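Student: my questions are about this predicted structure, shown below with the sequence.
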Amino acid sequence: MKLIIFGPPGSGKGTYSSRLKERYGIERISTGEIFRAAMKEGSLLGKMVENYVKKGEIVPDEIVIEVVKKEIEGKENFILDGFPRTIKQAEALKEMVKIDAIILINCHEEILVEKICARRICSNPKCDGNYNIANIQKVIGGIEYKLPPLLPKNDMVCDKCGSPLVQRDDDKPEIVRERLKIYNQQTFPLIEYYKKEKIPFIEVWMNKAVDEIVEEIVNKLKNLGLI
Ligand code: AMP
């Protein structure tokens, strides 16, 4: 099964795709994580993308497409998280594989900013531990948000590997707003692109606890006969 998970920064794409990986062994391919690991290692790729990632700007298409091409080669089951982000990337992906479905996470911007600024990730580049310290309970535009925090068992230490939790450099408010602006400008049109391509959409709202959202995604994947 080949999936894309779409949604604005902070909509929980990383968390839901990690859960799908745990339950169904679907490999998660996160371009953002690949870049952050490369930057930490100080590799050539890390040096090439560093300036863009730190400012929350889009990395040039040619670099991202090359990275994804290598990552998905020979793989049957994966979920793309953070790719594609531009029409050019979507067109390049179409040449590589046929996507079975797109998971689209909806959320109001006000909630996203609050949620992203409260995100904490594992400092170990090989671990995808992801937590959130915000407790959000409010109604916006008729959508009732009940988002409890996602806390580690031990204070500020990753449950999976015991490494300290940190805030991502690009999870600061001014950079978050820049990333949301870029998402709206460049990535939102991809939804139209894939609707025209007639790829099935699985649409969920990020307004409840992670387990409930994952259950909703799983049920919708079952309805499409994908699991
Ligand atoms: P993410 O973890 O998906 O929020 O990505 C973090 C950062 O990595 C983004 O703000 C971009 O600078 C860069 N990045 C990740 N994926 C892509 C992509 N598909 N195209 C361009 N830049 C990307």
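Tutor: Yep, that arrived.

Student: which residues of the chain lie near the ligand?
Tutor: Neighbours of the ligand within the chain, by Cβ under 6 Å from any ligand atom: 9, 31-32, 35, 52-53, 56-59, 64, 82-85, 89, 170, 179. Every residue, glycine included, has its C-beta placed from N, CA and C.

Student: from memory Asp171 sits against Ile116, does it?
Tutor: Yes. Asp171 is within contact range of Ile116, at 5.3 Å (criterion: Cβ atoms under 8 Å).

Student: of the two, which one has the most company?
Tutor: For Asp171 versus Ile116, the count of surrounding residues by other Cβ atoms under 10 Å is larger for Ile116: 25 against 20.

Student: just want the residue of this protein that's nearest the ligand.
Tutor: Gly32 (2.0 Å; Cβ to the nearest ligand atom).

Student: which other residues reach the helix or strand where that residue lies?
Tutor: Using DSSP states H and E, the element containing Gly32 is helix 31-41. If you take Cβ atoms under 8 Å, 6 or more residues apart in numbering as the criterion, helix 31-41 is touched by 14, 45-46, 49-50, 53, 59, 64, 67-68, 71, 80-83, 125-126, 128, 168.

Student: for ChimeraX, what selects the buried ones among those residues?
Tutor: In ChimeraX, a selection of the buried entries from those looks like this (16 or more other Cβ atoms under 10 Å):
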select :14,45,46,49,50,53,59,64,67,68,71,80,81,82,83,128
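
Student: among the contacts of helix 31-41, which are in helices?
Tutor: If you go by DSSP state H, these have 14, 45-46, 49-50, 53, 64, 67-68, 71 in helices.

Student: give me the residues contacting stretch 155-166.
Tutor: Contacts for stretch 155-166 (Cβ under 8 Å, 6+ apart): 120-124, 126-129, 131, 152-153.

Student: hang on, the earlier thing: from the ones in helices among the contacts of helix 31-41, which is closest to Asn106?
Tutor: The closest of these to Asn106 turns out to be Gly14 (Cβ to Cβ; 16.6 Å).
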